[in-house]
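> Got a predicted model here, sequence first, then my questions.
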Amino acid sequence: MRRLLTLTVALGLTSVCQADTLVYAGTLIDGTQANPKTDMTVVIDEGKITAIEKGFKAPTEGDLVIDRRQGTVMPGFIDMHTHLTSQLGPGSYMHKFTHSAADVTLDAVNYANKTLMAGFTTVRDLGDSYNASIALRNAVSAGKVIGPRIYTAGKSLATTGGHADPTNGAYKGLYESPTPADGVLNGPYEAREAVRARYQDGADLIKLTVTGGVLSVAKSGQNPQFMTDELESVVQTAKDYGMKVTVHAHGKEGMLRAIAAGVNSIEHGTYMDAEVMAAMKKNNVYFVPTITAGRSVADRAKIDGFFPDIVRPKAAAIGPKIQSTFAEAYKAGVKIAFGTDAGVFDHGENYREFIYMVEAGMPPLTAIRSATAEAAKLLGVDDIGTIEVGKRADVVAVEGNPLNNIELLSGVNLVIKDGQVYKQ
């Protein structure tokens with residue numbers, strides 16, 4: 001951000017010196033298809049990248065110099081699947097009975113801060129409570145709290161008893177039956193109402209749970225839970241309002257129905273096969289894998305009492321498979337955007353996804369691009385995701401070179417968002 005260094009005396013302003021931020025990069029990964037560059041300077045002014053120069057530009061008076069000549073500079077990371085209003089832990093299944101909207105919102109402020117400090121300058125939030133992620137987005141945008149730039153779906157949409165029906169596992173007398181405005185719908189007319197309710201709430205996109213899920217208090221983790229006419233109604237209505245649609249899906253049939261209806265991305269995708277992958281490629285549908293969530297729930301399924309009895313076998317069966325599915329999808333040429341499902345595991349550990357993607361066969365540079373340029377493409381936003389002149393100044397850095405050791409991305413030591421330094 002442009003800093004105005006001023007000297008004011010009793011008679012008024014006597015001098016003004018305008019200054020830049022200069023980021024020296026030993027290695028620069030700019031998020032584009034270009035190869036990494038060495039010994040570069042990224043020049044930032046008024047929240048934008050104004051120049052990218054070979055060598056280390058000499059500062060002028062007042063310039064802020066950030067020296068990462070021994071490190072690697074990259075675009076701010078984008079996590080396309082987060083839940084900033086919650087975090088899974090022992091006893092968290094009781095939170096819907098014990099946590100108020102205020103509790104959820106205050107937790108979300110903390111989680112947002114952790115996410116930004118981990119190097120994720122933009123996130124897509126795919127399911128909240130009390131519309132807290134919408135309020136959080138607005139507060140971050142207004143500079144009231146510190147966090148990443150947020151694109152949010154608000155409340156996920158489900159069918160009765162489906163994954164994201166908030167009344168699952170609760171005695172019926174405790175809740176009134178949820179309505180489309182509450183995110184639970186049945187039939188194409190209610191599907192339209194549910195989308196319009198999200199638009200009214202201020203959501204940026206639509207999230208559907210088209211199959212069963214691991215963590216919901218319901219038996220199946222993969223059965224299809226939306227009919228074709230419901231899916232088509234959601235997608236058509238969302239397009240009328242300029243909103244993209246993404247779907248939680250583990251089972252094959254639910255994915256095929258969603259792809260045919262025209263959704264933009266598949267989250268998790270555990271049981272996708274060659275037929276699903278071919279359909280995704282034909283219809284330009286992205287895959288957001290969330291390997292970290294799968295690994296995390298599989299580990300926690302081994303802990304007695306961590307999950308309700310109905311959840312534990314799903315976590316043990318589905319969780320470990322996501323990474324191998326990701327490996328097959330990558331080999332098949334499916335478009336992949338980085339997403340973790342943070343909140344299923346601890347916020348701030350989003351970097352783990354990079355490690356698991358590389359472990360499954362994706363080259364480190366491709367993994368980084370999945371969290372920068374590719375994620376921005378899926379968002380439909382063209383001013384973030386790469387370090388290029390004219391783009392927003394979202395910049396992160398680590399010591400060393402993550403192309404040689406991807407685990408270095410766990411140690412982000414510089415975070416700049418919109419030109420403002422949040423971590424150095």
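On my side now, so go ahead.
> C-alpha only now, for contacts and for neighbours.
Noted.
> all helices in the chain, in order from the N-terminus.
Assigned by DSSP state H, the helices in the chain fall at 95-98, 101-117, 132-141, 188-201, 228-240, 252-261, 274-282, 291-300, 312-318, 321-332, 352-359, 364-370, 373-379.
> Remind me what the fifth one packs against, helices and strands.
Same thing as helix 228-240. Judged by 3 or more CA pairs under 8 Å, 6 or more residues apart in numbering; DSSP states H and E, helix 228-240 is in contact with helix 188-201, helix 252-261.
> and these as CSV, adding mean neighbour count?
Formatted as CSV, these follow (neighbours: other CA atoms under 10 Å):
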stretch, mean neighbour count
helix 188-201, 20
helix 252-261, 22
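> For these, give me JSON lines that also has distance to T82 and mean pLDDT.
Shown next, in JSON lines, are the helices and strands packed on helix 228-240 (distance: least, CA to CA, whole Å; pLDDT from 0 to 100):
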{"stretch": "helix 188-201", "distance to T82": "18", "mean pLDDT": "98"}
{"stretch": "helix 252-261", "distance to T82": "20", "mean pLDDT": "98"}
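> so which of those comes closest to P36?
Comparing the helices and strands packed on helix 228-240 by their distance to P36 (CA to CA), the top pick is helix 252-261, with 35.0 Å.
> ok and that closest one relative to helix 274-282, angle-wise?
Between the axes of helix 252-261 and helix 274-282, defined by axes from the mean of the first three to the mean of the last three CA atoms, to 10 degrees, the angle is 20 degrees.
> Now do helix 252-261: everything it contacts.
210-211, 222-228, 231-232, 235, 247, 249, 266, 269, 271-273, 276, 279-280, 283, 285 (CA atoms under 8 Å, 6 or more residues apart in numbering).
> same question, stretch 50-59
Residues outside stretch 50-59 that contact it (CA under 8 Å, 6+ apart): L22, Y24, D39, M40, T41, V42, V43, I44, V65, E388, V389, G390.
> Could you work out the most separated pair of the residues you listed?
Spatially, the most separated pair among the contacts of stretch 50-59 is D39 and G390, at 20.7 Å (CA to CA).
> Who has more neighbours out of the two?
The residue with more neighbours, out of D39 and G390, is D39; 17 against 14, by other CA atoms under 10 Å.
> pretty sure that one is touching A25, no?
Yes: D39 lies in contact with A25 (CA atoms under 8 Å); the separation is 5.7 Å.
> any common contacting residues for these two?
Shared contacts of D39 and A25, counting by CA under 8 Å, 6+ apart, come down to R69.
> if we can go back for a sec, compare the helices and strands packed on helix 228-240 and give me the one nearest G333.
Nearest of the helices and strands packed on helix 228-240 to G333, taken as CA to CA: helix 252-261 at 16.5 Å.
> quick one: pLDDT of A25?
Note on A25: pLDDT of 98.
> Ranked by average pLDDT, which of the helices of the chain falls at the bottom?
helix 95-98 (a mean of 78).
> in that helix, what counts as buried?
Neighbour-count burial for helix 95-98, counted by 16 or more other CA atoms under 10 Å, picks out no residue.
> Out of the helices and strands packed on helix 228-240, which gets nearest to D125?
With CA to CA as the criterion, D125 lies closest to helix 188-201 of those, at 13.5 Å.
> hmm, back to that, need the helices and strands packed on helix 228-240 in TSV with distance to T32, can you?
Shown next, in TSV, are those (distance: least, CA to CA, whole Å):
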stretch	distance to T32
helix 188-201	33
helix 252-261	28
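> who wins for proximity to G242 among the ones you listed?
Ranking the helices and strands packed on helix 228-240 by proximity to G242 (CA to CA) places helix 188-201 first, at 9.7 Å.
> report the angle between the axes of that closest one and helix 132-141?
If you take the same axes, to 10 degrees, helix 188-201 sits at 30 degrees to helix 132-141.
> now helix 188-201: how far from the chain's centre is it?
In terms of CA atoms, centre = their mean, to the nearest Å, the centre of helix 188-201 is found 23 Å from the chain centre.
> Nearest to I78, out of the helices of the chain?
Across the helices of the chain, I78 has its closest neighbour in helix 373-379 (6.3 Å, CA to CA).
> Restricting to C-alpha, output the closest one in PDB.
C-alpha atoms of helix 373-379 as PDB (Å, rounded to 0.1, in the frame of the first residue of the first chain):
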ATOM      1  CA  ALA A 373      -3.700 -19.400 -11.100                       C
ATOM      2  CA  GLU A 374      -6.000 -22.400 -11.400                       C
ATOM      3  CA  ALA A 375      -8.000 -21.600  -8.300                       C
ATOM      4  CA  ALA A 376      -8.500 -18.000  -9.600                       C
ATOM      5  CA  LYS A 377      -9.800 -19.400 -12.900                       C
ATOM      6  CA  LEU A 378     -12.400 -21.500 -11.000                       C
ATOM      7  CA  LEU A 379     -13.400 -18.500  -8.900                       C
END
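> related to what we said a few turns ago, got a quick ChimeraX command for the buried subset of the contacts of helix 252-261?
Buried subset of these, written as a ChimeraX selection, criterion 16+ other CA under 10 Å:
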select :210,211,222,223,224,225,226,227,228,231,232,235,247,249,266,269,271,272,276,279,280,285
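> So which of the contacts of helix 252-261 are in strands?
Secondary structure from DSSP state E places V247, A249, I266 of the contacts of helix 252-261 in strands.
> Rebuild these as a markdown table, extending it with pLDDT and distance to H347.
A markdown table is the format used below for these (pLDDT from 0 to 100; distance: CA to CA, whole Å):
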| residue | pLDDT | distance to H347 |
| --- | --- | --- |
| V247 | 98 | 22 |
| A249 | 97 | 22 |
| I266 | 98 | 22 |
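> any chance of the residues you listed in a markdown table, with distance to Q87 too?
Shown next, in a markdown table, are those (distance: CA to CA, whole Å):
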| residue | distance to Q87 |
| --- | --- |
| V247 | 20 |
| A249 | 20 |
| I266 | 22 |
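> Out of those, the closest to T60 would be?
I266 (48.5 Å).
> Tell me who's in contact with that closest one.
Applying CA under 8 Å, 6+ apart to I266 gives the contacts T246, V247, H248, A249, M255, V285, Y286, F287, V288.
> now with 10 Å?
Remark: with contacts taken as CA atoms under 10 Å, 6 or more residues apart in numbering, I266 is in contact with 208, 210, 245-250, 255, 258-259, 272, 280, 285-289, 336.
> Give me the pLDDT value at P320.
pLDDT, P320: 88.
> mind listing what it touches?
So P320 contacts T270, I291, T292, A293, G294, R295, S296, V297, A298, D299 (CA under 10 Å, 6+ apart).
> What's the end-to-end length of stretch 287-305?
32 Å (CA to CA, to the nearest Å).
> no wait, stretch 397-406
End-to-end distance for stretch 397-406, by CA to CA: 13 Å.
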